[in-house]
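Asker: sequence first, predicted coordinates after that:
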Amino acid sequence: MVDLRPLLELQKVDTALSQLVHRKANLDERKVLAAEKATLVSTESEKLKVSNELKSAKSEIATLETANQKCEAQILKYSQQLRTVIAPREAEALQHEIETVRIERSLNDDRELLLLETSDKLEVQLQQLGEKIRTQSIAVASATAALNEALKICDGETKSLDDKRLALANAIDVKLIKLYDVKRTKRATPAVADLHGSKCQSCHLDLSVVELSALKKLGSDELAECPNCDCYLVL
Ligand SMILES: [Zn+2]
């Protein structure tokens, strides 16, 4: 039968290559980076939320200050009018107006005080979130570097396996390579395997004595195949 040992070597390299593809796709460094990025994104969105809250607090403070300036002007106007009126009813009406505006101003002051406290807290929060983002950005950068390093190692291993594969394939008959490729595309388990004892290393099933002796009797141009899984067998 045809000597399939070189093809088995090729299969081993192909198995290693597909394991490498799987390893590359499932690197721990990839998961770490994804987690670090998610943390950063969540902190950034929290910071945006706090910053919007601060913006709206500040804008409300500005509105209240404008309103209070208007109150002051009204109080001043009514006070001046009060000095010139003689009729007690008019004076009473003006005093009532002044009191109403004073109440409005006082309510505005209370609200502004509350908003100032809130915005102080928000400023502190923003600063803390800024620091958090700086730390988390560093973590993302270092996780990215770690992933790139791991990918570089994988790529190096791929390159050396590719070189090894090329050298092995060059030494094998083209027709045999074609047969191997056809078989390989149709299955997930190895297309070439050897026997450990009477056990096929592709399907891990035992060959019977009869099956084994039939394989041993194959002609010099014939290829041995596992009767169970159909892979090429090295005997
Ligand atoms: Zn088998």
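Answerer: Here it is on my side, so go on. For clarity, every value in this text was computed on a predicted model and none was experimentally measured.
Asker: residue 218: neighbour count?
Answerer: The local packing of residue 218 (other Cβ atoms under 10 Å) involves 15 other residues. The way it works is simple: take the backbone N, C-alpha and C, and place the C-beta from them, glycine included.
Asker: wait, a helix at it?
Answerer: No - with DSSP: H, G, I helix; E, B strand; the rest coil as the criterion, residue 218 is coil rather than part of a helix.
Asker: so what's it up against?
Answerer: If you count contacts by Cβ atoms under 8 Å, 6 or more residues apart in numbering, residue 218 has them with 1, 224.
Asker: try the one 5 residues further on
Answerer: For residue 223, the contacting residues are 1-2, 4, 179, 232, taking Cβ under 8 Å, 6+ apart as the criterion.
Asker: let me have these in a markdown table, extended by secondary structure and pLDDT.
Answerer: Shown next, in a markdown table, are the contacts of residue 223 (DSSP: H, G, I helix; E, B strand; the rest coil; pLDDT from 0 to 100):
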| residue | secondary structure | pLDDT |
| --- | --- | --- |
| 1 | coil | 87 |
| 2 | coil | 92 |
| 4 | coil | 96 |
| 179 | helix | 96 |
| 232 | strand | 97 |
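Asker: just the closest of the residues you listed to the ion, please.
Answerer: Taking Cβ to the ion as the measure, residue 232 is the one of the contacts of residue 223 closest to the ion, at 9.7 Å.
Asker: which positions in the strand ranked longest in the chain come out as buried?
Answerer: Of all the segments assigned as strand in the chain under DSSP state E, the longest by residue count is strand 192-196. Taking 16 or more other Cβ atoms under 10 Å as the basis for neighbour counts, the residues of strand 192-196 that come out buried are 192-195.
Asker: one step back: now a PyMOL select for only the buried ones of the contacts of residue 223.
Answerer: Those of the contacts of residue 223 that meet the burial criterion (16+ other Cβ under 10 Å) are gathered into one PyMOL selection, given here:
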select buried, resi 1+2+4+179+232
